[in-house]
Structure formats: C-alpha cells, structure tokens
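S.K.: sequence and predicted structure are below.
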Amino acid sequence: MSAVAGRGARAGGETPVLRSKELPPGGLREVRIGSRRVLLARLRSGEVVAAEALCPHEGTPLAEGTIRGEAVDCPTHHYLFDLRTGQNLYPYPIYPEWKRKEVGDLSLAIYPCREDGGWIRVSPGPERRSSASAFPLRPSSST
C-alpha cells in the first residue's frame, strides 16, 4: 500500500511524504510524489533513505521486500540493492559478461531525503543512479 504525499512541495523542492513515526527501524514504505513511486526505508541505524520503488529487473514493488543490513532484498528473485547508493549487490556482480550485457543496468535511483518537523521529506528528482560500471565488463579473451 502506498501513501500519497498530502502536502505541497516546500522550499528547495522537497515534499513532505510521510510522518516520521509511521516508518519504524527496518521498515519499508512506498509513497507517491505526483506520479513517481518512491521507496522509503528506515535503516536499523535510524537513518531514512529514499529510492526508486520498483525493482529494475521485473518491476516488483520493493516495499514488499526485506531490509538486509543497508540493502533491500527484492521478494521476487532476491535481487539485492544498496539503499544508499542504488548499486545492485546481487546477482549482478557474479553475472558472466554476456548476462550483464543482456540485463543492462540493474541499479536504483536514489532520492535526497531528510526528516524535519516530524515529516520525512523527499526531493523530486533522483540524486544519483549507481552505474553498472561499478562492476566493469572484462574484455573477452577469444583466442
């Protein structure tokens, strides 16, 4: 179930999307900012992070997944994404070169967010998207 941001954007383009108390440590929640689906997660440390809400592999809602350390585990095929960087931690790093080329970039967009006045506030545009180049393809040795 997703929450829809109920208040307008503030200075700096941030939108209050969810009351802080509604996201417990280890919690995942999908919210909408306009038509954009955003995943909120509160890491066990208490830090709140925001990322793209759907798994780039097959579009599964990541709010149905599980936090593992500082990553979200997709419930469909257990793709694991670092919630601070968006980088795919598994299985992309272990794929052979041909599979990496086949699936393309499997990273999440990360959104700037912060807590203020009892609200979690998210900026509308992604701050960064991890690049698959974090795991560079090795040239084939076809000799």
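M.R.: Looks like it arrived, so ask away. Residues are numbered from 1 along each chain as shown.
S.K.: now for Val49: which residues touch it?
M.R.: 40-41, 43, 83-84, 110, 113 (Cβ atoms under 8 Å, 6 or more residues apart in numbering). For every residue, glycine as well, the C-beta is placed using N, CA and C.
S.K.: next one: Ile120
M.R.: The neighbourhood of Ile120, defined by Cβ under 8 Å, 6+ apart, consists of 16-20, 23, 40, 48, 50, 113-114.
S.K.: who's in contact with the residue most central in space within the chain?
M.R.: Against the mean C-alpha coordinate of the chain, by Cα atoms, centre = their mean, the closest residue is Ala51 at 2.9 Å. Contact partners of Ala51, counting by Cβ under 8 Å, 6+ apart, are 38-39, 41, 62, 72, 81, 83, 86, 108-111.
S.K.: make CSV out of the residues you listed and add neighbour count.
M.R.: Shown next, in CSV, are the contacts of Ala51 (neighbours: other Cβ atoms under 10 Å):
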residue, neighbour count
Val38, 26
Leu39, 25
Ala41, 25
Leu62, 27
Val72, 26
Phe81, 31
Leu83, 26
Gly86, 25
Leu108, 26
Ala109, 18
Ile110, 22
Tyr111, 24
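S.K.: restricted to strands, list those.
M.R.: Those of the contacts of Ala51 mapping onto strands are 38-39, 41, 72, 81, 109-111, per DSSP state E.
S.K.: could those go into JSON lines alongside pLDDT?
M.R.: Below are the ones in strands among the contacts of Ala51 laid out as JSON lines (pLDDT from 0 to 100):
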{"residue": "Val38", "pLDDT": "97"}
{"residue": "Leu39", "pLDDT": "98"}
{"residue": "Ala41", "pLDDT": "98"}
{"residue": "Val72", "pLDDT": "98"}
{"residue": "Phe81", "pLDDT": "96"}
{"residue": "Ala109", "pLDDT": "94"}
{"residue": "Ile110", "pLDDT": "96"}
{"residue": "Tyr111", "pLDDT": "95"}
